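model this:
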Amino acid sequence: MTRDHVGQLLKSLRESSRISQLELALRLNVSQRHVSFVESGRARPSRGLIENWASETEAPPSLCNAALHRAGYTPLVGGVTVDNGGLAETMAALQTMLDMHEPFAGLVFDADWIAHLGNRASHWLIMQLLPDYRIHHYDGLQGFDMIAAVTHKGGLLSRMRDPWGAGGALLDQLRDEQWVRPALKPRVDAYEASLHQRFGRRPEGGARRQSGPYLNLIFDTCWGEMRFLTVQSVFALPQDVTLTSLRTELWFPADEATRHLMQTQPTAAGDAPQRGSEREEGSDARERAAPMGRIMLR
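Model (predicted):
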């Protein structure tokens, strides 16, 4: 039995809901001993037990599917395989959506948190919010590692107010996802270690908060305070959503000052406001006109 067996996940769901083994056993109409055996990996849960367990602990469908997957059952939501033509059409539609979202940032990334598409505003925002990371690690959006970008000391959290607020929510989401994407674990471990090293212990706040599809973010930048609402979604019909579906992340300005800044985007190269010298308008205009690369799935 591997360390990350299904019982570990089911135990984390129960503990997150603050339900005792005895109470859950009564709800599921099984013995407390059976609950204990399932959590320790000594007993294999049935499909029905997993589904009822997820229901009683109010687990999201993604974690119910993760538990079913680890126990060897098919997920609740099926998926379809698209051919290359269908994939190309999907990517083209996603790029059109990102372009229409201008002048606000948008990204498309995969289940490994590697970006595949982005718009010009997302490139500009990365240049502003990851001042140190971009110098050594950012070479455009192709293959952009979104986990590394928050793990690095000069990455996304370096200018964020309340880094444990957004950083902790992301950590919770990544820990959930590693149940169905075990390859994420080393990167998530490094990310958690970075959070503790840079920002200390996670603030106590009662029950573990389940990750949601949106976050409120506040940054202190050379342009002043910037506020955003970010939303993650999956581009697919409901019956076609899988655990590895491509995702979109759209950034929306949360106040008028941020909206105005994103609409004007004072520099395309990401340099700080300049004082006492004229900016080279011709060079700046050429950089603003430079197209974003179209990135294909590997």
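
output the below-cut-off pLDDT ranges for the chain.
Applying pLDDT under 70 to the chain picks out residues 1-4, 75-86, 134-140, 142, 205-212, 239-240, 243, 267-298.

I'd like the next helix or strand past the helix of greatest length in it.
In the chain, with assignment by DSSP state H, the single longest helix is helix 84-101. Of the helices and strands lying after helix 84-101 in sequence (DSSP states H and E), the nearest is strand 106-109.

measure the closest residue to residue 149 other than its chain neighbours to residue 24 for me?
Nearest non-adjacent residue to residue 149, counting by CB to CB, 6 or more residues apart in numbering: residue 155, 4.7 Å away. Using the backbone N, CA and C atoms, a C-beta is placed for each residue, glycine as well. To residue 24, residue 155 is 39 Å away according to CB to CB, to the nearest Å.

then residue 160?
As for residue 160, its distance to residue 24 is 37 Å (criterion: CB to CB).

please apply the same query to residue 116.
The spacing between residue 116 and residue 24, counted by CB to CB, is 40 Å.

hang on, the earlier thing: how far out from the middle of the chain is the longest helix of the chain?
Averaging C-alpha positions (CA atoms, centre = their mean, to the nearest Å) puts helix 84-101 20 Å from its chain's average.

now do the buried residues in it.
90-91, 94-95, 97-98, 101 (16 or more other CB atoms under 10 Å).

elements contacting it?
Using 3 or more CB pairs under 8 Å, 6 or more residues apart in numbering; DSSP states H and E, the elements in contact with helix 84-101 are strand 106-109, strand 115-118, strand 247-253.

at which residues are the helices of the stretch 151-298 of the chain located?
For the stretch 151-298 of the chain, the helices defined by DSSP state H, counting those that start in this stretch occupy 163-177, 185-199, 256-264, 281-289.

what's the angle from the third one to strand 247-253?
What it means is helix 256-264. 120 degrees (axes from the mean of the first three to the mean of the last three CA atoms, to 10 degrees).

what residues are up against the closest residue to residue 70 other than its chain neighbours?
Using CB to CB, 6+ apart and skipping the chain neighbours, the partner closest in space to residue 70 is residue 6 (4.0 Å). Applying CB atoms under 8 Å, 6 or more residues apart in numbering to residue 6 gives the contacts 38, 41, 44-45, 50, 67, 70-71.
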